[in-house]
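Colleague: need a structure here:
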Amino acid sequence: MQQAYRRMCALVHRGPPLLQWRTQALRRLLWQESWRGNTGRRSGTTGTSRIGPYRRPLLPLCFHPSACLVIDGKVVAFSEEERFSRRKHHKDSRSCAVAAAYCLSEAGITLADVDEIAIAFNPAWPTPSNICTDAELIAELLDPALFDHHRPRQVTVVEHHLAHAASAFHPSGFDEAAVLVVDGSGDGVSATLAHGTADGLKALRQFPFIQSLGWFYETIAEHLGLGNWTSSGKLMGLADYGNPDRYTLDFLTARAGGSSRRS
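Modeller: Presented below is the predicted three-dimensional model:
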């Protein structure tokens, strides 16, 4: 597997530079808040997203990192980078190049056949537009040295929780459904209640990151000695075996507004 991973890496490094997500321009694309209008209103508000079934090849390169290829509204291939690197969580979250190359290979297509690339995170929330002007950003993104002839026609930054909601609703088979997303945080939001229909997803209610249940789980996991944020899932798995009357949470101090402070 390691040998295959090295061969795949060599293939990617000789391939299109778009698969190497280490450029400042792409980071600034993630940061530029004004570009997020393509997928709905900003986090913390309600609004209708434009995330819906796709009719053309779509390659979403996820921030975690993983890659998924969607063609005509159907998931054709998916993989996490850690499956190839054999490193749990694959700490280098800047690149999902090998996973992306795998997806393209499974479908028998090339990057030139991909109509749109979606990135499901804005890591610098809530960065104001003073990071750079639209003109500066566009000038960098149109630089031939950056993308060469593989420059995509559109790169879309999808709001984090809307991406979660879309990945749950659209493959579900339901024509209409209530969608609940709860995690640590994403784009300043820790929980989202959305309404899914054939027209897309509409966020009905969102909760700020300071009220995060995911962060609460992380704090408890660390207090119990299970490890860092990656151990929150272990605690969730063990929760059913616990006795709620045995432990107290006196090491946490509640604050106004729903947040808490660790004593």
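Colleague: could you point out where this structure is predicted with low confidence?
Modeller: 1-64, 89-95, 120-154, 229, 247-255, 257-263 (pLDDT under 70).
Colleague: now for the host helix or strand of residue 222, which elements pack on it?
Modeller: Assigned by DSSP states H and E, residue 222 belongs to helix 213-223. When contacts are defined as 3 or more C-beta pairs under 8 Å, 6 or more residues apart in numbering; DSSP states H and E, helix 213-223 packs onto strand 177-186, strand 189-197, helix 232-238, strand 260-262. In short, each C-beta sits where N, CA and C put it, glycine included.
Colleague: Swap in 10 Å and give it another go.
Modeller: strand 177-186, strand 189-197, helix 232-238, strand 252-254, strand 260-262 (3 or more C-beta pairs under 10 Å, 6 or more residues apart in numbering; DSSP states H and E).
Colleague: what would the ones you listed look like in TSV with mean neighbour count and distance to residue 102?
Modeller: Putting the helices and strands packed on helix 213-223 into TSV (neighbours: other C-beta atoms under 10 Å; distance: least, C-beta to C-beta, whole Å) gives the following:
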stretch	mean neighbour count	distance to residue 102
strand 177-186	18	25
strand 189-197	21	29
helix 232-238	14	25
strand 252-254	12	43
strand 260-262	12	41
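Colleague: Nearest to residue 167 among those would be which one?
Modeller: The closest of those to residue 167 is strand 177-186. By C-beta to C-beta, the value is 9.6 Å.
Colleague: And the helix holding residue 222, what's buried?
Modeller: For helix 213-223, a neighbour-count test (16 or more other C-beta atoms under 10 Å) marks 214, 215, 216, 217, 218, 219, 220, 221, 222 as buried.
Colleague: Same check on stretch 72-85?
Modeller: Buried-residue list, stretch 72-85, by 16+ other C-beta under 10 Å: 76, 77, 78, 79, 80, 81, 82, 84, 85.
Colleague: need the strands for the chain, in chain order.
Modeller: For the chain, the strands defined by DSSP state E cover 47-48, 61-62, 66-71, 74-80, 117-119, 155-157, 177-186, 189-197, 200-208, 252-254, 260-262.
Colleague: Distance to residue 65 added to the helices and strands packed on helix 213-223, as a markdown table?
Modeller: What follows is the helices and strands packed on helix 213-223, written out as a markdown table (distance: least, C-beta to C-beta, whole Å):
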| stretch | distance to residue 65 |
| --- | --- |
| strand 177-186 | 15 |
| strand 189-197 | 21 |
| helix 232-238 | 18 |
| strand 252-254 | 33 |
| strand 260-262 | 30 |
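Colleague: Run through the residues that contact the residue nearest to residue 222 when sequence neighbours are not counted.
Modeller: Closest residue to residue 222 in three dimensions, ignoring its sequence neighbours and counting by C-beta to C-beta, 6 or more residues apart in numbering: residue 228, at 6.8 Å. Counting by C-beta atoms under 10 Å, 6 or more residues apart in numbering, residue 228 touches 218, 221, 222.
Colleague: mind giving me a markdown table with those and columns for distance to residue 168?
Modeller: Below are those laid out as a markdown table (distance: C-beta to C-beta, whole Å):
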| residue | distance to residue 168 |
| --- | --- |
| 218 | 22 |
| 221 | 24 |
| 222 | 28 |
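Colleague: Please tell me how far residue 174 sits from residue 163.
Modeller: Look at residue 174 and residue 163: by C-beta to C-beta, to the nearest Å, they are 18 Å apart.
Colleague: before we move on, the earlier item: any idea which of the contacts of residue 228 is the one closest to residue 246?
Modeller: Among the contacts of residue 228, and counting by C-beta to C-beta, the member closest to residue 246 is residue 221, at 16.8 Å.
Colleague: you'd agree the closest one is up against residue 231?
Modeller: Yes: here residue 221 reaches residue 231: they are 4.6 Å apart, a contact under C-beta atoms under 10 Å.
Colleague: what is in contact with those two at once?
Modeller: Contacts common to residue 221 and residue 231, judged by C-beta under 10 Å, 6+ apart, are absent.
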